[in-house]
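Asks: predicted model and sequence below, questions to follow.
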Amino acid sequence: EAGVVQSPRYKIIEKKQPVAFWCNPISGHNTLYWYRQNLGQGPELLIRYENEEAVDDSQLPKDRFSAERLKGVDSTLKIQPAELGDSAVYLCASSLPGGHTEAFFGQGTRLTVV
Amino acid sequence: DQQVKQNSPSLSVQEGRISILNCDYTNSMFDYFLWYKKYPAEGPTFLISISSIKDKNEDGRFTVFLNKSAKHLSLHIVPSQPGDSAVYFCAARSNRDDKIIFGKGTRLHILP
């Protein structure tokens, strides 16, 4: 069974440019998460979807970040415009619904803003 | 305000000995706890979990202990092997909103 797939693996952009990340979760996983991990820190939740509905986006900087999960499967996370402080690893994860299940992570996208 | 705390940034353990990684939490709504392992350039990999109704869960060389009254959990790895060298993240989940909160991680070095 395929795991969570993310692309691209690496992205280098200049500040003020837009960037987008893509995630394909594990088949059948209704819950999808986007996390950001800064160097030396743990993953921090940006947004959580239940199917196509964003049920928790309280940590998403909405002035420049946006996300969508059309049809409740694949998801994209966009930053426009990017700032130097956005350099981080962006992780996508998915899980089955319900409280006592683990989330499975993709390999992440390492973003460098120069 | 960190809800999940891993106060040891790093830990070195001799191969064959026991590794003990600690984690504290503050939110009493957490009722499910997870440990993830992360190698460089890879995403976190689920390792073991424990429900708040239990105080111990064991899976091979890995055992997680939960002390609810102290809001503390620990991961024991015995015997430690070279491949265990990685960053370990403690995470907690609340049944109220399914949010998973991570600690900052502990880097484990297994020494030959």
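Replies: Structure's in. What do you need? Residues are numbered from 1 along each chain as shown, chains lettered A, B, ... in the order given.
Asks: what does chain A put close to chain B?
Replies: Chain A has residues A:4, A:6, A:31, A:33, A:35, A:40-45, A:48, A:50, A:55-56, A:91, A:93, A:97-100, A:102-108, A:110 near chain B, with proximity defined as CB under 8 Å from any CB of the partner chain. Every C-beta, even on glycine, is put in place using the N, C-alpha and C of the backbone.
Asks: need the contact list for residue 74.
Replies: Defaulting to chain A. A:22-25 (CB atoms under 8 Å, 6 or more residues apart in numbering or on different chains).
Asks: that's the wrong chain, I wanted chain B
Replies: B:20-23, B:64-65.
Asks: where's the residue nearest to B:Q6 when sequence neighbours are not counted relative to A:L96, distance?
Replies: Nearest residue to B:Q6, sequence neighbours excluded (CB to CB, 6 or more residues apart in numbering or on different chains): B:G103, at 3.8 Å. Note on B:G103: its distance to A:L96, by CB to CB, to the nearest Å, is 23 Å.
Asks: quick one, which of these two is more surrounded?
Replies: B:G103 (26 against 14; other CB atoms under 10 Å in any protein chain shown).
Asks: secondary structure element for the most centrally placed residue in chain A?
Replies: Among the residues of chain A, the one closest to the centroid is A:W34, at 3.0 Å (CA atoms, centre = their mean). Here A:W34, judged by DSSP states H and E, is contained in strand A:31-37.
Asks: can you check B:I101 too?
Replies: Going by DSSP H and E, B:I101 is part of strand B:100-102.
Asks: C-terminal to the lowest-mean-pLDDT helix or strand in chain B, what's the next element?
Replies: When the helices and strands of chain B are scored by mean pLDDT, DSSP states H and E, strand B:100-102 comes last with a mean of 91. Downstream of strand B:100-102, the first helix or strand assigned by DSSP H and E is strand B:106-111.
Asks: can you list the residues that contact the lowest-mean-pLDDT helix or strand in chain A?
Replies: Every helix and strand in chain A was compared by mean pLDDT, DSSP H and E; the lowest is strand A:53-56, with a mean of 91. Under the contact criterion CB under 8 Å, 6+ apart, strand A:53-56 has outside partners A:45, A:47-49, A:67, A:69, B:97-99.
Asks: quick one: buried residues of the next helix or strand after that strand?
Replies: Remark: after strand A:53-56, the chain's next helix or strand is strand A:65-68, criterion DSSP H and E. In terms of neighbour count (16 or more other CB atoms under 10 Å in any protein chain shown), strand A:65-68 has its buried residues at A:65-67.
Asks: tell me the one of those residues nearest chain B?
Replies: Of all the buried residues of strand A:65-68, chain B sits closest to A:A67, with 15.7 Å by CB to the nearest CB.
Asks: which stretches of chain A form helices?
Replies: For chain A, no helices are identified by DSSP state H.
Asks: run through it and note the low-pLDDT ranges.
Replies: Confidence mapping of chain A against pLDDT under 70 gives the ranges A:1, A:99.
Asks: go with 90
Replies: Within chain A, the stretches with pLDDT under 90 are A:1-2, A:40, A:58, A:70-72, A:96-102.
Asks: ok, which stretches of it are strands?
Replies: A:5-7, A:10-13, A:19-24, A:31-37, A:44-50, A:53-56, A:65-68, A:75-79, A:88-95, A:104-105, A:109-113 (DSSP state E).
Asks: no further questions, thank you.
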